[in-house]
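Trainee: Any chance you could fold what I've pasted below:
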Amino acid sequence: MQRQVGESAVMRLTIAGVRAGNAARRISCVVSAGALLLIAGVPGGKASAEKPARRDAPRHAGFSLSPGTCEQGPEFCAVTTPRAWAPTEIDLVRAALDEITASDLGRRIAQRAGRNGFRTLRRFAHAAQLNAERGYDAQPTIAAMTHTDDRHSIRTIDLTDRFFERQSARDHFSGEPGYFLTTEILAHELVHAMDLGQQYSGTVEFRRVARLGTTAAQQREADRVNLERERLNGEGRYEAGWQASRSFGLLTLRGRLPSVQALDGYREAFAEFGAHLVLDPNAHRRFEPRVIRYFERAVSGAP
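Mentor: A predicted model of the protein is given here:
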């Protein structure tokens, strides 16, 4: 999920998140342009930090793993409770980064994200949305997001409790044993970080090759799947919810899209295509060649 608020001189947040669809629009919290999404915590595992990457933060594959920070000021910190990283969480993210960067494509995506300034992963409990009264509404379903705050020169990828609740869940369509959902989520966010400002997902060419249009019957099925995913995720059955999403893309749409959340817009579709080209060994035979060619040109820096 990517989040943005304001423009350059004003704090910009770019959210590209984890995911849902039209019916629940969205389960994982898609926020329309101009909305403000911030991170909200819950008691326990507190971290007090003002900078996105402390000098003593562990590092791996070019990324710092920093506790959550409160650069929005004391009011933000009064509402939110950033997390410190648990050792098992550090191990999980390190393993995910290793799997992503094991391929040439994944390595280049991570490098492009780093060149865009995304070199820090932060830990929070859950998210909150700034409402019309300038207060905060909890958004407990968000698992991860990119965060861009130009006023404070901060660009990070933020992970929440919901991310780590998925740590044992796997995909069933990418072979045996299948990728971990947490690895796919992190790869998805790295693609968003590479696609800063929708440099690639916002082009006329990508809109043409992505083919996000659906028939009325397909859209009704997508809405049904999203409601099912909402129920399953609400029950903590993340793996089952993910399989429902993947089944729609691979079976209902015959592999044209990797998952139902690709229908949430071109930014989400670009991130889903990229994550699966990295992690799913079947993606190259499932996706349309023109989508693969476009993504490979984007990663090379020549869209």
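
Trainee: Now for this protein: which helix has the highest residue count?
Mentor: Across the chain, the longest stretch assigned as helix under DSSP state H is helix 216-234.

Trainee: Only the buried residues of it, if you could.
Mentor: Within helix 216-234, the residues that qualify as buried are 221-223, 225-230, 232-233, counting by 16 or more other Cβ atoms under 10 Å. Just so you know, the C-beta spots here come from the backbone N, C-alpha and C atoms, and that holds for glycine as well.

Trainee: next SSE after that helix?
Mentor: helix 238-247 (DSSP states H and E).

Trainee: That next one packs against which elements?
Mentor: helix 181-194, helix 216-234 (3 or more Cβ pairs under 8 Å, 6 or more residues apart in numbering; DSSP states H and E).

Trainee: Out of those, the one nearest Ser245 is which?
Mentor: Proximity to Ser245 (Cβ to Cβ) singles out helix 216-234 among the helices and strands packed on helix 238-247, at 5.8 Å.

Trainee: so the closest one versus helix 238-247, what angle?
Mentor: 170 degrees (axes from the mean of the first three to the mean of the last three Cα atoms, to 10 degrees).

Trainee: before we move on, the earlier item: name the nearest of the buried residues of helix 216-234 relative to Leu159.
Mentor: Asn233 (16.6 Å).

Trainee: where are the low-confidence patches of the stretch 51-200 of the chain?
Mentor: Applying pLDDT under 70 to the stretch 51-200 of the chain flags residues 51-55, 72-80, 128-130, 134-138.

Trainee: can you give me the helices for it?
Mentor: In the stretch 51-200 of the chain, the segments counted as helices under DSSP state H, counting those that start in this stretch are 74-79, 87-101, 104-115, 161-165, 181-194.

Trainee: between those, which one is nearest to Thr252?
Mentor: That would be helix 181-194 among these, by Cβ to Cβ, at 19.5 Å.

Trainee: what packs against that closest one?
Mentor: Short answer (3+ Cβ pairs under 8 Å, 6+ apart): helix 181-194 packs on helix 87-101, helix 104-115, strand 144-149, strand 154-159, helix 161-165, helix 238-247, helix 266-279.

Trainee: Can I get these in JSON lines including mean neighbour count and distance to Arg290?
Mentor: JSON lines is the format used below for the helices and strands packed on helix 181-194 (neighbours: other Cβ atoms under 10 Å; distance: least, Cβ to Cβ, whole Å):
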{"stretch": "helix 87-101", "mean neighbour count": "18", "distance to Arg290": "24"}
{"stretch": "helix 104-115", "mean neighbour count": "19", "distance to Arg290": "17"}
{"stretch": "strand 144-149", "mean neighbour count": "27", "distance to Arg290": "26"}
{"stretch": "strand 154-159", "mean neighbour count": "25", "distance to Arg290": "29"}
{"stretch": "helix 161-165", "mean neighbour count": "20", "distance to Arg290": "32"}
{"stretch": "helix 238-247", "mean neighbour count": "21", "distance to Arg290": "22"}
{"stretch": "helix 266-279", "mean neighbour count": "26", "distance to Arg290": "11"}
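
Trainee: Between these, which one is closest to Tyr200.
Mentor: Comparing the helices and strands packed on helix 181-194 by Cβ to Cβ, helix 266-279 comes nearest, at 6.1 Å.

Trainee: What's the first helix or strand after the closest one?
Mentor: Remark: after helix 266-279, the chain's next helix or strand is helix 283-286, criterion DSSP H and E.

Trainee: what comes up buried for that next one?
Mentor: So helix 283-286, judged by 16+ other Cβ under 10 Å, has buried residues 283, 286.

Trainee: what distance separates that helix from the middle of the whole chain?
Mentor: In terms of Cα atoms, centre = their mean, to the nearest Å, the centre of helix 283-286 is set 21 Å apart from its chain centre.

Trainee: Run through who's touching it.
Mentor: Under the contact criterion Cβ atoms under 8 Å, 6 or more residues apart in numbering, helix 283-286 has outside partners 250, 255, 258, 276-277, 280, 292.

Trainee: can you rerun that using 7 Å?
Mentor: Residues outside helix 283-286 that contact it (Cβ atoms under 7 Å, 6 or more residues apart in numbering): 250, 255, 276-277, 292.

Trainee: Mind checking the pLDDT average for stretch 231-251?
Mentor: In this model, stretch 231-251 has an average pLDDT of 97.

Trainee: from the chain's centre, how far out does that stretch sit?
Mentor: Distance, centroid of stretch 231-251 to centroid of chain: 16 Å (Cα atoms, centre = their mean).
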